[in-house]
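Participant: Sequence first, then the predicted structure:
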Amino acid sequence: MTRMALLAFWSHWRRHPVQFFTLIAGLALATALWSAVQAINAEARASYAQAAVQLGVDGTEILTALDGPIAVSQYVALRRAGWQVSPVLDGTLRREGQSFRVLGVDLLSSADLPAFAAPEAAQNFQAADVLTPPGRLFASPETAASLAHLPDLPPIIETANVPPDVVLTDIGIAEQLLNRSGQIDRLRVMPVQSAGIPPLADIAPNLRRSTQTSGETDRLTDSFHLNLTAFGLLAFAVGLFIVHGTVGLSFEQRRAMFRTLRALGLPLRRLTVLAVAELMIFAVIAGLLGLAAGYTIAGALLPDVSTTLRGLYGVPAANTLHLRPEWVASGLGMAILGTGLASVQALWRLWRMPLLAAPGLQSWAAGARRTNRIMAVIGIALFLAGVVAMVLFDGLVAGFALLAGMMLGAALILAPILSLILRLGARTANGPISEWIWADLRAQLPGVSLALMALLLALAANIGVGTMVSSFRLTFTGWLDQRLASELYVTARDDAQGAAIEDWLTPQVDAVLPIRSFEFSHAGTPLFVYGIRDHATYRDNWPLLAYTPDVWDMVASGTGVLINEQLARRSQIWPGDTLTISPKWSLPVAGVYSDYGNPTGQAIVSLDALLSHARDVPNRRFGIRVAPDRVRALSQELQTRFDLPSTALINQAGLKARSMEVFDKTFVVTGALNLLTLGVAGFAILTSLLTLWSLRLPQLAPVWALGMTRSQLARLEVVRSLALAALTALIALPLGLGLAWVLLAVINVEAFGWRLPMYLFPLDWLRLFLLALLAAGLAAVIPARRLYRLPPSDLLKVFADAR
Amino acid sequence: MLCFGIGRQIPRGGQEWQVPVLLDIRNVTKTYDGANARPVLRDVSMTLNRGQTVALTGESGSGKSTLLHLSAGLDAFDGGEITVDGTALSSLDDTGRAALRRDTVAVVFQQFNLIPSLTVAQNLSFHARMAGRLDTAWLQELTGRLGLADLTDRYPEHLSGGQQQRVAIGRALAGRPALLLADEPTGNLDETASGAVLDLMLDLVALSGTALFLVTHSRQIADRLDRHVHLSGGKIA
C-alpha cells in the first residue's frame, strides 16, 4: 500500500517537472543565501578566535588603569608582591600611509604565545636576538611583505602564528617603534598565581581586573555580522515564500489523488507521514544543492568582507574559505526547518481535508479574506511590538526588534492593503473586461500574495539599505571634502626630516598643517588626541555637529577640545561637558565633529596644548595648502629634495579615491545580497505564476470562449503581474524609507556611534521600480507565452474534462 | 404549417423562397495530432438556418463536440469550410474568430462555463456588454425567466449545477446572438433539472430568434428540436 502510494506521489512530480524544479530551486536558493552568510560569519569568527589565541587574549584576565597607561613602577611593585603578570604595550604604527597594530610583550613571561612557542619558532630565532637591539618583529607573511620596504624597522620573522596586520615584538622594541617609552597599556594576569599574594587594591588601587576582550571592536564586528545575518535571514525568508507557494500548490493539485488514496484505504496518518517524508527528502536534496551554491557565493564575497573587516574595523579576517562541519550541519538544518515551516499550512490542510467536495475559487478567496483579516491584526501587532521594544529598551537588539516588527508587520498587512486597493479600483471599471480584470486580480491575490510579500521585503530592503548607503556615501563624500581640505599630504621618515620639510615648505605654500597625535586612554579605551595649528582650513571646513559659539577660539587658546561623535555618544559628553584626557589634563568640550569609519575615540586640541602634555609626539606628517595646479610639481620637488618614496606623498584626490574605494568595498556584500534577494523575489513571482498556471486555465478559458483572443489574454496576464508588482513597489517605498530611517537614526547610532542625515534618491526609486516591473514582467512572460501558444484544443479540455 | 429542410423554408401553399443559411458546414475534416492520430470528422456537411433548432447526436467519440467547437471558431479544421452568417471561418485569423464568438455566436458548455471571479449579475451581462449589445430590459426578463433574480450577487461556486447552467444560458442569450451552440448543456444535471433547463432554453431561443445547435446524448431531447442530425464515426449518418 505504501509503495503504491509513493508511486502515486512520485507520479505528480513526473508530470509537473517545472513545479519540482521550482520547489528544489526555491529551497536551494534560500539555503544558499543563508549558508553563504553563515559561512562568511563562521570564517570571520574563526579568524577572530585564532587571532585571540595567537595574541593571548582568549579570555585572559588583565589589569588596566582607569586613568591612562600603567606606570612601570606599579608593574615592578606587583611583581615584587608575587603577582605573576606580564606587561603589554599596544599601539598603532603608521608608516607611509599604512597602519599596523604593534603588540609589545615581555618575551620571557609570554613565551606561551604561539609565535614563540610553536615548534618551528626555535629554528627561526634565538631569544637573545629578540631581546637585544635591533630586536625582531614577528608578522604574518602578508604583513611582512607590506613591512618589507619600510625603512628603519628591525628584521622581520615571518610566522603564520600572528594575525594579519599585527606586528608582535618585545615590549622594549615596541616602546621605540611607538615612541612610548616606559608605558604599559595592560598587564596579563598569568593563570597560575602564588598563594597568599596581597590583594590588588593594596598595591595598585587604580588598576582594574577584567577579562580581556577586543572591546569596541567586538561590538562593531558583532553588529556587522548581525547585519549580514539579518540579510541572510531575509533572503532565507524570501526563499521560503517560494517553497510555501510551491508546496501549497502541489498539495492543492493532489487533493483528488489524496482523496482517492484515502478512499482506497490508505490511513490519513500514513498519508501525512508519507507527505512529510517526501518533503524531508526534498529538503535534504535542496539543502545540499544550496550548500554548494552558498559555498560558491561565500567564496566570491569573502575577500570583500575581509577587506571591510580589516580596513574598517581593524580586525584580522582570512581571505580563504574552509568547509566547516558545523556550517554544513546548520545549512542542512535550516533547509529542513525551513521546509517544515513553509509546509506546515499545507500539511495541516491535508490533515483536515474532507474526503468529499473541494472548495472553489471564491471559497479560496473567502478563506483568504478571513486569513487577510487575521494577518492584518497580527501585522499591526508586530508593527506596534517593534515600536514598543524600541521605546522601552535601548541597544542594538531593540533596534533590530523595531526593524523586524516593521518588515514582518508590513509583509502581513500587504495582502489586505492590496485587496482594499483592488476593491476600490473595481469601482472605476467601466466595461466588462475591466470589471473582469479587477475581479480576477482580487481572486488571484491569495495565490500570489506570498510572492508579493517576498517582493515587498526585497524592495523595501533595497530602498532602505540603498538609501542608507547612498546617504552615507553622500555624507561621507561631503565629509571627506571637509576633512581632506589640504591639497597634498606628506609623511617624513623621521622627526628631523619632518622639521626640515616644514621649514622648506613654509615660505612657498599657503600653509603647512602638522598632523601630530598621541595615544591616550579614556574609560579604558584608546583615545587619539591630535594637536592642530589654528588655521582657516579648520575653521572653514571642519564638519562640526555640535559646538559652542567660540569653538575655534577655545581650541586655539588651549581652553577647549573637539571630540569625535563616537566618543561623544559613547561617553555622553557634549559641548559644555568636560573631557578628561589624562589625570592631569581635562578640557571643556567645545565641539563635536563627525568622524565616519573610525571605531576609536578621537579628540583635537591646540598643538601647543598637546605638546605640553605629551612627550615625543611624532612630527612627521603634514597637510599642505597650496594652489591645486602646483601640487604635481611640488610633489616631485619634495620627492627629489628629501629622497622620499612615492608612497610618502599623497595628493588629495588620491586620498579621497582610496577612502571611497574602502567605503565602496564595505558595501559590496550588502549590495550583492540586496540584488540576490531581489532576484529571489522575482523568482518567487515566477514560481507562483507557473505553479498557479493549471488553476488559471478554468478562469481564462470561459473568457476566451466568449470572444477574447489568446494573445489578448496573454497580454492581460503580463499587465496583471505588472500591476500587482507596481502596487507592491509603491507600498514598498514608504516601508523602505522607514527602514532607512531606522538604519540611519537607530541602528547606526547603536552599532557604530554615529548618526547620519537621511537623503532621498528618487532616481534610485525609479530605477528600482522599473527593476521590480522588469522582474514581474519577466516572471509573467513565461506563463503568458505558454498561454499565447496554447492550442485551442487544450483550452477546450477545460470544458470537456471531468476535472 | 412549416416544414424544415436544409437551406430552405417552405411556406404553406407551396410557394417557395430561399431562407438565409446561418451555419453552412461543407466537407469538413478534422484530425487531432497525437500518437494515435485518426480523423475525428470525415467529410461532414450540413446547414442550419436562422431561428432553427438542430440536435446533434452520436455516441461518445463520434466528433459531436468537435463539430460544435469548429462551428464556434474555437478550433481550426483541417479541410472543407464552415461559413457562419456568410463569413468563411477559414478566412479568419485568431482575432477574427474571437470577434465571431463575441458578436455572432454564443456557446454553452457542459461545465466550467462561468467566470468564477464574477458575480451572477456580472456573468449574465458579460457577453452582451462585450458585444456592445446590452439590452437591460431583455436582460431583466431573462434573469426573471431563468429564476436568477435572487441570486445575482452570488458567485458561481455558490450555485447548484442547474443554477450555474441557467446563468450560462442567460449569458449566452443576453446579447441575442444569431447562433447558440450548446454542448450537452444538461449533461451534468438530473432528469428534472435537465427538463426544466431545456424548456427554458427552448423558450428563450424562440423568444430571441436565435438558432440553436445542440449536442446531446439524449434521444428525448433531440426529439424536441426542429431537426436531428446523427454523427457516427466522424460522419453524418
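Facilitator: Now that the structure is in, tell me what you want to look at. Residues are numbered from 1 along each chain as shown, chains lettered A, B, ... in the order given.
Participant: Can you give me the buried ones in stretch A:541-552?
Facilitator: A:Trp542, A:Pro543, A:Leu544, A:Leu545, A:Ala546, A:Tyr547, A:Val551, A:Trp552 (16 or more other Cβ atoms under 10 Å in any protein chain shown). Just so you know, the C-beta spots here come from the backbone N, C-alpha and C atoms, and that holds for glycine as well.
Participant: The last one and A:Arg483: what is the separation?
Facilitator: In this structure, A:Trp552 and A:Arg483 are separated by 16 Å, where distance is defined by Cβ to Cβ, to the nearest Å.
Participant: again, but for B:Ile115
Facilitator: The gap separating B:Ile115 from A:Arg483 is 66 Å, by Cβ to Cβ.
Participant: Skipping its backbone neighbours, what lies nearest A:Gly182 in space?
Facilitator: In this structure, A:Gly182 finds its nearest non-sequential neighbour in A:Val72, 5.4 Å apart by Cβ to Cβ, 6 or more residues apart in numbering or on different chains.
Participant: in the sheet, who's paired with A:Tyr530?
Facilitator: A:Tyr530 forms beta bridges with A:Ser517, A:Ile604, as assigned by DSSP bridges.
Participant: While we're on it, how confident is the model there?
Facilitator: For A:Tyr530, the model assigns a pLDDT of 90.
Participant: A:Ala603 is in contact with that one, correct?
Facilitator: Yes: counting by Cβ atoms under 8 Å, A:Tyr530 does reach A:Ala603; the two are 7.1 Å apart.
Participant: more neighbours, these two?
Facilitator: The neighbour count for A:Tyr530 versus A:Ala603, taken as other Cβ atoms under 10 Å in any protein chain shown, is higher for A:Ala603 (23 against 17).
Participant: That one: what's it in contact with?
Facilitator: A:Leu527, A:Phe528, A:Val529, A:Tyr530, A:Val561, A:Leu562, A:Ile563, A:Asn564, A:Leu567, A:Leu579, A:Ile581 (Cβ atoms under 8 Å, 6 or more residues apart in numbering or on different chains).
Participant: Repeat the analysis, applying 10 Å as the threshold.
Facilitator: Shown in contact with A:Ala603 (Cβ atoms under 10 Å, 6 or more residues apart in numbering or on different chains): A:517, A:520, A:522, A:527-531, A:561-564, A:567, A:579, A:581, A:587, A:589, A:593, A:610.
Participant: I'd like the distance between it and A:Gly26.
Facilitator: 53 Å.
Participant: out of B:Ile115 and A:Arg483, which sits in the busier spot?
Facilitator: Set B:Ile115 next to A:Arg483 and count neighbours by other Cβ under 10 Å: B:Ile115 wins out with 26 against 19.
Participant: sec struct for that one, please.
Facilitator: Of the three states, B:Ile115 takes coil under DSSP: H, G, I helix; E, B strand; the rest coil.
Participant: cool, and A:Leu513?
Facilitator: Reduced to three states by three-state DSSP, A:Leu513 is strand.
Participant: Same question for B:His228.
Facilitator: The three-state assignment at B:His228 reads strand, by three-state DSSP.
Participant: My read is that it contacts B:Gln52, right?
Facilitator: No: counting by Cβ atoms under 10 Å, B:His228 sits too far from B:Gln52 to count as a contact (11.7 Å).
Participant: of those two, who's got more company?
Facilitator: B:Gln52 (23 against 16).
Participant: Sort out which one of the buried residues of stretch A:541-552 lies nearest chain B for me.
Facilitator: When the buried residues of stretch A:541-552 are compared for distance to chain B (Cβ to the nearest Cβ), A:Leu545 comes out closest, at 57.1 Å.
Participant: distance of that closest one from A:Pro507?
Facilitator: Applying Cβ to Cβ, the value for A:Leu545 to A:Pro507 is 36 Å.
Participant: So B:Leu48 belongs to a helix, correct?
Facilitator: No: checked against three-state DSSP, B:Leu48 lies outside a helix; its state is strand.
Participant: Let me know the pLDDT of it.
Facilitator: B:Leu48 carries a pLDDT score of 93 in this model.
Participant: List the buried residues of stretch B:163-176.
Facilitator: The neighbour-count check on stretch B:163-176 (16+ other Cβ under 10 Å) flags B:163-176 as buried.
Participant: Restricting to C-alpha, output it in PDB.
Facilitator: Taking Å, rounded to 0.1, in the frame of the first residue of the first chain, the C-alpha atoms of stretch B:163-176 are listed here in PDB:
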ATOM      1  CA  GLN B 163     -28.500  27.300 -11.500                       C
ATOM      2  CA  GLN B 164     -25.000  27.600 -13.000                       C
ATOM      3  CA  GLN B 165     -26.200  26.300 -16.300                       C
ATOM      4  CA  ARG B 166     -29.200  28.700 -16.200                       C
ATOM      5  CA  VAL B 167     -26.700  31.600 -15.800                       C
ATOM      6  CA  ALA B 168     -24.700  30.200 -18.700                       C
ATOM      7  CA  ILE B 169     -27.800  30.100 -20.900                       C
ATOM      8  CA  GLY B 170     -28.800  33.600 -19.800                       C
ATOM      9  CA  ARG B 171     -25.400  35.000 -20.500                       C
ATOM     10  CA  ALA B 172     -25.400  33.300 -24.000                       C
ATOM     11  CA  LEU B 173     -28.800  34.800 -24.900                       C
ATOM     12  CA  ALA B 174     -28.400  38.200 -23.300                       C
ATOM     13  CA  GLY B 175     -26.800  39.600 -26.400                       C
ATOM     14  CA  ARG B 176     -29.300  37.900 -28.700                       C
END
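Participant: coming back round to it: among the buried residues of stretch A:541-552, which are located in helices?
Facilitator: A:Val551, A:Trp552 (DSSP state H).
Participant: right, and the pair among the buried residues of stretch A:541-552 with maximum separation?
Facilitator: By the measure Cβ to Cβ, the buried residues of stretch A:541-552 have their two most distant members at A:Leu545 and A:Trp552, which lie 14.9 Å apart.
Participant: Name the helix or strand of chain B that has the lowest mean pLDDT.
Facilitator: When the helices and strands of chain B are scored by mean pLDDT, DSSP states H and E, strand B:3-5 comes last with a mean of 35.
Participant: Could you tell me the phi and psi values at the closest residue to A:Trp693 other than its chain neighbours?
Facilitator: Leaving aside its sequence neighbours, A:Trp693 sits nearest to A:Pro783 (Cβ to Cβ, 6+ apart; 5.3 Å). Main-chain dihedrals, A:Pro783, degrees, to the nearest 10: phi -60, psi -30.
Participant: Return the residues in contact with A:Pro783.
Facilitator: A:Pro783 neighbours (Cβ under 10 Å, 6+ apart): A:Leu686, A:Ser688, A:Leu689, A:Leu690, A:Thr691, A:Leu692, A:Trp693, A:Arg696, A:Ala714, A:Glu717, A:Val718, A:Ser721.
Participant: what do you get if the cut-off is 7 Å, keeping everything else the same?
Facilitator: Applying Cβ atoms under 7 Å, 6 or more residues apart in numbering or on different chains, we find A:Pro783 in contact with A:Leu689, A:Leu690, A:Trp693, A:Glu717.
Participant: A:Val189 now?
Facilitator: Contacts here follow Cβ under 7 Å, 6+ apart; on that basis A:Val189 touches A:Glu61, A:Ile62, A:Leu63, A:Val85, A:Arg209.
Participant: Go ahead and list the helix or strand containing A:Leu796.
Facilitator: helix A:792-800 (DSSP states H and E).
Participant: same thing with B:Asp203?
Facilitator: Element membership for B:Asp203, per DSSP H and E: helix B:191-208.
Participant: So what touches that helix?
Facilitator: Contact partners of helix B:191-208, identified using Cβ under 7 Å, 6+ apart, comprise B:53, B:142, B:145-146, B:162, B:165-166, B:169, B:173, B:176, B:180, B:185-186, B:189, B:212, B:221, B:224.
Participant: So which bits of it are buried?
Facilitator: Residues B:Ala193, B:Ser194, B:Val197, B:Leu198, B:Leu200, B:Met201, B:Leu202, B:Leu204, B:Val205, B:Ser208 are the ones in helix B:191-208 that count as buried (16+ other Cβ under 10 Å).
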